[in-house]
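Asks: quick one: sequence plus predicted model below, questions after.
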Amino acid sequence: MTETDPQDLANRYIALWVVPDAAGRRAAIEQLWAEDGIHFLQPPVEMREVAAGLGFDRSTLQAQGFDAFETRVARSHEQFVKEAGLNFRSGNDAMRLHDMVKFSWETVSTGTGEVVGGGLEILVLDEHGRIKADYMFPGA
């Protein structure tokens, strides 16, 4: 297994979400993720409650593959960075255990510098140090 510095990986992962251009995002995606990697997102409580009210016992969202990641990151950038004026930063607490990396992140207002949210990320790496599974827990 490739030795990957966990904090460097966390920093590159967080930086991806604020890349303004599509070509830069795609390049970062292909450097970070395995081609068949998968991204799981625990949706906000409100979405989980609506899903439960409709009879769904799970409301996990997922994206798989470079094209899906590109769409996911682009839409997140549009909504949170461009429209809402937010930025993301690592909690500088990345830890690695075998093939897993865990770190926290914060959502920050670019206007005030105030932390307005955050979450927990757990990444499972392949033998080349690329992300094969990404578990995102906003609000954690």
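Replies: Received, thanks.
Asks: low pLDDT regions in the protein?
Replies: Applying pLDDT under 70 to the chain flags the ranges 1-2, 58-59.
Asks: roughly how far apart are residue 30 and residue 56?
Replies: Per Cβ to Cβ, to the nearest Å, residue 30 is found 33 Å from residue 56. The C-beta positions use only the backbone N, C-alpha and C, and glycine is treated the same way.
Asks: looking at these two, which one has more neighbours?
Replies: When residue 30 and residue 56 are compared for neighbours, residue 30 comes out ahead with 14 against 11, by other Cβ atoms under 10 Å.
Asks: so how far is residue 77 from the more buried one?
Replies: Residue 30 is 17 Å from residue 77, by Cβ to Cβ.
Asks: one more: residue 3?
Replies: Going from residue 3 to residue 77 by Cβ to Cβ gives 30 Å.
Asks: one more: residue 5?
Replies: 25 Å.
Asks: what ranges do the helices span in this protein?
Replies: With helices called from DSSP state H, the chain shows them at 6-16, 22-32, 45-53, 66-76.
Asks: would you list those helices in CSV and tack on distance to residue 96?
Replies: Putting the helices of the chain into CSV (distance: least, Cβ to Cβ, whole Å) gives the following:
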stretch, distance to residue 96
helix 6-16, 4
helix 22-32, 15
helix 45-53, 29
helix 66-76, 22
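Asks: most packed of those?
Replies: helix 6-16 (a mean of 18; mean count of other Cβ atoms under 10 Å).
Asks: restricting to C-alpha, output that helix in PDB.
Replies: Taking Å, rounded to 0.1, in the frame of the first residue of the first chain, the C-alpha atoms of helix 6-16 are listed here in PDB:
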ATOM      1  CA  PRO A   6      -3.200  11.800   6.000                       C
ATOM      2  CA  GLN A   7      -3.100  15.600   6.500                       C
ATOM      3  CA  ASP A   8      -1.900  16.200   3.000                       C
ATOM      4  CA  LEU A   9      -4.700  14.000   1.700                       C
ATOM      5  CA  ALA A  10      -7.300  15.800   3.800                       C
ATOM      6  CA  ASN A  11      -6.000  19.200   2.600                       C
ATOM      7  CA  ARG A  12      -6.100  18.200  -1.000                       C
ATOM      8  CA  TYR A  13      -9.600  16.700  -0.600                       C
ATOM      9  CA  ILE A  14     -10.900  19.900   1.100                       C
ATOM     10  CA  ALA A  15      -9.300  22.100  -1.600                       C
ATOM     11  CA  LEU A  16     -11.100  20.200  -4.300                       C
END
